[in-house]
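[1] next comes the sequence, and after it the predicted model I'd like to discuss.
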Amino acid sequence: CGLRLRKAVQHNVCLIPFGGGTNVVGAVEPDPSETKRMIVTMDMRRMGRLLAVDQESKTAVFEAGVLGPALEEQLEKHGLTL
């Protein structure tokens with residue numbers, strides 16, 4: 001994923017993240033004014049890990065592709081929930 005991102009930046013490619021297909025508002029559609037650059041969607045579905053938990057503030061940081069059930073399962077291990 002990191003190499004692809006660096007290459008996209010290097011070649012001025014417009015990246016649109018795709019998290020799991022649960023969004024119904026057309027979030028993968030590019031800005032209509034983007035007519036000069038290549039447009040690529042980047043699949044984030046395998047990015048579902050819990051990265052950090054702050055027990056004091058009861059907050060957590062997840063990768064971009066995590067879905068609700070997996071998020072809950074990972075939070076539960078730390079005594080947290082949505």
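    Good, I have the coordinates.

[2] use CA for all of it now, contacts and neighbours both
    Noted.

[3] so what's the residue nearest to residue 48 when sequence neighbours are not counted up against?
    Distance criterion Cα to Cα, 6 or more residues apart in numbering; nearest residue to residue 48, sequence neighbours excluded, is residue 66 at 3.9 Å. Residue 66 is in contact with 19, 20, 45, 46, 47, 48, 49, counting by Cα atoms under 8 Å, 6 or more residues apart in numbering.

[4] and residue 9, that one's in a helix?
    Yes: in this structure, residue 9 lies within a helix as judged by DSSP: H, G, I helix; E, B strand; the rest coil.

[5] look up the pLDDT of it for me, please.
    At residue 9 the predicted local distance difference test score is 93.

[6] that one and residue 46, how far apart?
    21 Å (Cα to Cα, to the nearest Å).

[7] what ranges does this protein have for its helices?
    Defined through DSSP state H, the helices belonging to the chain, from first to last, are 2-10, 68-76.

[8] distance check, residue 42 against residue 16.
    For residue 42 relative to residue 16 (Cα to Cα), the value is 6 Å.

[9] strands of this structure, residue ranges please.
    Secondary structure of the chain (DSSP state E): strands at 14-18, 39-43, 50-54, 59-62.

[10] looking at the chain, which helix or strand does the model trust least?
    Of all the helices and strands that make up the chain, strand 14-18 has the lowest average by mean pLDDT, DSSP states H and E, namely a mean of 85.

[11] which residue would you name as the spatial centre of the chain?
    Centroid-nearest residue in the chain: residue 64, 2.3 Å away (criterion: Cα atoms, centre = their mean).

[12] check contacts around that one.
    19, 44, 45, 47, 48.

[13] quick one, what contacts the fourth one?
    By Cα under 8 Å, 6+ apart, the contact list for residue 47 reads 63, 64, 65, 66.

[14] separation between the third one and residue 10?
    In this structure, residue 65 lies at 24 Å from residue 10, with Cα to Cα as the measure.

[15] and these two? Which one has more around it.
    Remark: of residue 65 and residue 10, residue 65 carries more neighbours, 19 against 9, as counted by other Cα atoms under 10 Å.

[16] fine, thanks again, bye for now.
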